[in-house]
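Asks: Fold the following for me, if possible:
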Amino acid sequence: MPNQELNVSTVYLEGAPEFSGTLAGQSVSAWGYLEMTGYFATMNGRI
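Replies: Below you'll find the predicted structure:
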C-alpha cells in the first residue's frame with residue numbers, strides 16, 4: 001500500500017504489512033498493523 005508515511009516534525013509511518021512464505025515446510029501468510037515513530041529521517045519508500 002503506497003503513501004503510508006507522514007513526514008512532519010517527527011517522521012511517522014503506519015501501514016498494513018503482508019507476509020507470505022514457508023515455515024517448517026508449510027505455507028504461511030499473515031497481515032498486520034505497523035506503526036513507527038521517531039526516526040531520524042524519512043524512509044523514502046525503503047520499506
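Asks: backbone phi and psi for the nearest residue in space to G32 that is not next to it in sequence, please?
Replies: Excluding its sequence neighbours, the residue lying closest to G32 (CB to CB, 6 or more residues apart in numbering) is P17, at 5.6 Å. For every residue, glycine as well, the C-beta is placed using N, CA and C. Taking degrees, to the nearest 10, you get phi -80, psi 150 for the backbone angles of P17.
Asks: And for G32?
Replies: Dihedral angles (degrees, to the nearest 10) for G32: phi -160, psi -170.
Asks: Neighbours of it, how many?
Replies: Number of residues near G32 (other CB atoms under 10 Å) recorded here: 9.
Asks: hang on, it packs against A16?
Replies: Yes - proximity of G32 to A16 meets the contact threshold set by CB atoms under 8 Å, at 7.4 Å.
Asks: Between these two, which contacts overlap?
Replies: When contacts are counted by CB atoms under 8 Å, 6 or more residues apart in numbering, G32 and A16 have no shared neighbour.
Asks: before we move on, the earlier item: quick one, what contacts the residue nearest to G32?
Replies: Applying CB under 8 Å, 6+ apart, we find P17 in contact with 31-32, 34.
Asks: So F19 sits against S27, correct?
Replies: No - look at F19 against S27 with CB under 8 Å: they stay out of range, at 11.5 Å.
Asks: which SSE is F19 in?
Replies: strand 18-23 (DSSP states H and E).
Asks: That strand pairs with which strands, and in what direction?
Replies: Using DSSP bridges, the strands paired with strand 18-23 are strand 26-31 (antiparallel).
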